[in-house]
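J.: Based on what follows, work out the 3D shape:
(2 chains)
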There are 2 protein chains.
Amino acid sequence: MNGPLEGIKVLDLSRHLAGPFAAMTLGDLGAEVIKVEAPGIGDDTRRFPPSWNGISTYYLSTNRNKRGITLDLKAPRGQEIARMLAADADIVIENFRRGTTERFNLGYDDLNEINPRVIYVAVSAFGSDGPDRDKAGVDLLMQAATGLMSITGEHGRPPVRAGTSLIDLTAGANAVQGILAALYARERSGLGQRIEVSLLGAGVSWLTYHATAYFATGEVPERMGSSHGAVAPYGAYPTQDGYLVVAVATDALWRRFCGVLGLDDAVDDPRFASNPDRLDNRAALDALLEPVLAEKSADEWSELLSSAGVACGPVNTLDKTLTMPQVEFDELIVDLPHPKIPEFRMPGIAIKMKGTPGSIRRPPPELGEHNDEVLNELGFSAEQVAALRQDGVI
Amino acid sequence: MNGPLEGIKVLDLSRHLAGPFAAMTLGDLGAEVIKVEAPGIGDDTRRFPPSWNGISTYYLSTNRNKRGITLDLKAPRGQEIARMLAADADIVIENFRRGTTERFNLGYDDLNEINPRVIYVAVSAFGSDGPDRDKAGVDLLMQAATGLMSITGEHGRPPVRAGTSLIDLTAGANAVQGILAALYARERSGLGQRIEVSLLGAGVSWLTYHATAYFATGEVPERMGSSHGAVAPYGAYPTQDGYLVVAVATDALWRRFCGVLGLDDAVDDPRFASNPDRLDNRAALDALLEPVLAEKSADEWSELLSSAGVACGPVNTLDKTLTMPQVEFDELIVDLPHPKIPEFRMPGIAIKMKGTPGSIRRPPPELGEHNDEVLNELGFSAEQVAALRQDGVI
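T.: Below is the predicted model:
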C-alpha cells in the first residue's frame, strides 16, 4: 500500500508554492497526482534559481510524487482534456486568479456537473470575494499584510521576513486539511464540494495568541528579536563559532546557568536575583553574559548547559540541521533517484503514520514528461497525441 | 450539521500549543473534543500572560470548541476514567514526554487493545526514538535547531525568531493532516493507528526550497532581512508612518515604479538600468529610494504604486491587520460569546468548506468546567463525582 490515499486521484492545476505543496502532500499520502503545466513554459518556479543539473531546486522541492503533463488551458482542446481528467478525479487544486478556471470551463460548477464527487480547492491571496479579492499576493506581501512581518525582527530595527515562505506553506497545509476533511465527508454524503483557502486566512489564523492578547489589552505587539517579554535570560547569544539560544525559565535554573558559566558572583547580584530583576536589568545582564559565552563554541555550551538542565541549543545553519543524526534517523531528508540528478535529496515525510505510512514513489517530473502516458490512458492514440503536440495543445 | 467531522470524538490529553491547536482545528471541523487537564493546575498556558478578565489570552487562543475536564492521570481512578473516554474516542492526542502515557496505561498499545479503531497521535520535539528522542523542545529552541532561525533576521545581524510559534503550529497542522488521513483510511480498514509528528519534522519539512538549494550548491543560506537575492528593489522600506514592502520584479515595473516616485532620472541611470545592475548597486539604490518613500504614508504609496501595477503593501501592525475590511469579510476574526468575557474575539476558521462548513460552537472551557456533565455521560452518579472531587481525582 502506498499510503492512506491510495486510489485517490488529484488533478493539480496549481503553480508556485501553496498549491503544488498541497498536491505533493497528497501524493506523499498515496494519492496519484497529475500536475498540469502550460506547454513550453511550465510552472514559473521552473525558472527560479538556483538549479541542479539544469532543474530549478525550487521546483524540485514541491513536486515529487506527481506525473507531469502539459495542456494549453486557453485552447478548447486543452480544456476538454482537462475536463476528461477532472471527470475521473477526486480532487482538483487550482490557484489561478479569480474567474480564470470559469473562463476555461473548469470552474467548480462546470466540474461538479460532470463529477458531483469532485473536491475542488481554490487557493487565493485574499479570498474569492470582498474588497481585496482581486489583489495578488506573494509571500513577502502576505507576511506584511497579515502582520507577521511586523512582529519579526529586532526591536527598533526594520521588520524582516520569516526566512521561509510560511504563509504559502500554511495555506497549502490548510488546503490539505480541507481536502482530507472533504474526503471523509464524501464517504457519508457521496458528494464533493468547493473549498477555499487564502493566504490571508493562513496568516491571520496563525496569529493565535498575538491576536487574543491584542484584543484583550489593545497593545500592539512589537518586534523582539529572539527575546521574550517575560523571561530573561532568553534568546540568541553569540558564542565562539555561532549563536546559542538559551531559555532560563526559573530562578533555580538561573543559579545553575551561572554555575556553568562560572558567574558565581552574579547569583548574589541584586540586579539579577529574580526574573523580574533580570528583566529590569536586561542590558546589564547581556553585557555580563556575552563575553563569557563568547569563550566556547555553541556546541560546547549546549552540552554543558543541557547537562545542568538549562534549555538551550545551537542556532543551526542549514548545513548543520540537514546533517543532524536525528534528522537522518527520522528520515526527514531522503535520497530520491532522479534521472538527471543522481545525488538528488530533499525533505522527507514529516507525518509518520504507523498503520498506513506515506511513500515517496516518483521524482518531480520534467515538463510534459507524462504526456504520452496520461493521454494514452485517456484513450488518445499515438497519432492523436502527435497532433496535439504539433498543434501546441500539449 | 456542525462540519465534516460531526460525530467524531476527540480525547485531547495535550498541553501548550501544537496539540491543543490540532484538537481545536478538529473541533472547528465539527468533532466533539474533550480536553483533559491536571486537577487544580490545568494547561501551563493558563498561566501565560496577558490575561483577559482573569483568563490567559494564550490559553483562550487555542482551546475553543472543547469541553474541559480535569483528571489526575497519575491516579489509577483518573487513568480508568481516561480509558473509559478513550474506549469511545475516535482520536486521542497527546504530547507528554516519551513513555508517560505508557506509565499511565494510556499508551497506544493499551488503548488499541480496548479500541482498535482509535487513532492515536503523539506530538514530540524530536520523534519517539533516535539520539535526541529525550530532548525537550520549545518553539525558540526548535526554530534554532531546524535552521529556520539562522535564515530569519537582517544580514550581518543576529538571528531572530519568526514572530509567531510557527514550528508548534506546523506540527499541529501535521497532526491534523495525519488524523484526517487516518480517519479516511479507517473507512476502508476499520482500524485506527498510531501517528507521530515532531517539531523537528515540522521545521525541516518547511525548509523546502532552501534544503534543495543547499544540496545542489553547498551554499549555506544567510539572513537577508526582507530583501531578495535575485530581485531589486525588493523588501521593506520606511515611509512617513510605517514600513512599505515593494517587489519590483521586472524592468518594465521598475520604470513605472520610478514614474510614481518622480525619479525620472533614475530610469536612465546606468547603475539601475537592469535588475542585475540594481542588484549590484543595491546600497546606492536604497539611498536613492529611502528619502522619497519617507515623504508619504505607507497607505498613500501603496495606493499609488498598486495603481501602477507594482506589487506592494504596508507592513501592517496587528491593529491594522485585525481590522482589515477583508479580514472581516472573510470572517477571519470572530466574536464568540464567553461567560466571563462579553467582548471575546479570536481568529476564525481559515478553511472555507462550502459543502460542510466548520463551525464555532463553544468558548474555551474553564478548568474542569464540564466535569459533572462528562462524568454523568460516562455513568457516574452525582455522589460518585463528588467523591472523585473530594479525593482530588478530578
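
J.: can we go C-alpha only for contacts and neighbour counts from here?
T.: Noted.

J.: doesn't A:K74 make contact with A:V393?
T.: No - here A:V393 lies out of contact with A:K74, judged by C-alpha atoms under 8 Å, at a distance of 9.0 Å.

J.: neighbour-wise, which of the two wins?
T.: Neighbours were tallied for A:V393 and for A:K74 using other C-alpha atoms under 10 Å in any protein chain shown; the higher tally belongs to A:V393 (21 against 15).

J.: Am I right that the more buried one is in a helix?
T.: No - when classified by DSSP: H, G, I helix; E, B strand; the rest coil, A:V393 is found to be coil rather than part of a helix.

J.: show me the contacts for the residue most central in space within chain A.
T.: In chain A, the C-alpha closest to the average C-alpha coordinate belongs to A:L169, at a distance of 2.8 Å (C-alpha atoms, centre = their mean). When contacts are counted by C-alpha atoms under 8 Å, 6 or more residues apart in numbering or on different chains, A:L169 is found next to A:17-18, A:21, B:206.

J.: quick check, it in a helix?
T.: Yes - with the criterion set as three-state DSSP, the secondary structure at A:L169 is a helix.

J.: one step back: adding distance to A:L200, write the contacts of A:L169 out as a markdown table.
T.: Output for the contacts of A:L169, formatted as a markdown table (distance: C-alpha to C-alpha, whole Å):
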| residue | distance to A:L200 |
| --- | --- |
| A:L17 | 15 |
| A:A18 | 12 |
| A:F21 | 17 |
| B:W206 | 19 |
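
J.: want to throw those residues into TSV with distance to B:G3, secondary structure and neighbour count?
T.: What follows is these, written out as TSV (distance: C-alpha to C-alpha, whole Å; DSSP: H, G, I helix; E, B strand; the rest coil; neighbours: other C-alpha atoms under 10 Å in any protein chain shown):
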residue	distance to B:G3	secondary structure	neighbour count
A:L17	28	coil	26
A:A18	24	helix	29
A:F21	25	helix	26
B:W206	29	coil	21
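
J.: Is chain B within reach of stretch A:244-262?
T.: Yes - Stretch A:244-262 reaches chain B (C-alpha under 8 Å from any C-alpha of the partner chain) through A:245-246.

J.: Can you list the neighbours in contact with that stretch?
T.: By C-alpha under 8 Å, 6+ apart, the list of residues contacting stretch A:244-262 reads A:231-238, A:264, A:266-267, A:273-275, A:292-293, A:298, A:301-302, A:304-305, A:308-315, B:140-141, B:144.

J.: How about it, which residues are buried there?
T.: If you call a residue buried by 16 or more other C-alpha atoms under 10 Å in any protein chain shown, then stretch A:244-262 has these buried ones: A:244-249, A:251, A:253-261.

J.: pLDDT check: weakest of those?
T.: pLDDT across the buried residues of stretch A:244-262 is at its lowest for A:A249, which sits at 84.

J.: three-state assignment of that residue?
T.: When classified by three-state DSSP, A:A249 comes out as coil.

J.: any low-confidence regions in chain A?
T.: Across chain A, not a single residue meets the criterion (pLDDT under 70).

J.: what domains does the record give for it?
T.: If the domains of chain A are taken from automatic domain parsing, they occupy A:9-206+A:324-390, A:234-238+A:243-314, with pieces of a single domain joined by a plus sign.

J.: Need the winner for burial among those.
T.: Among the domains of chain A, judged by mean count of other C-alpha atoms under 10 Å in any protein chain shown, the one packed with the most neighbours on average is domain A:9-206+A:324-390 (a mean of 21).

J.: gap between the two ends of that domain?
T.: 28 Å (C-alpha to C-alpha, to the nearest Å).
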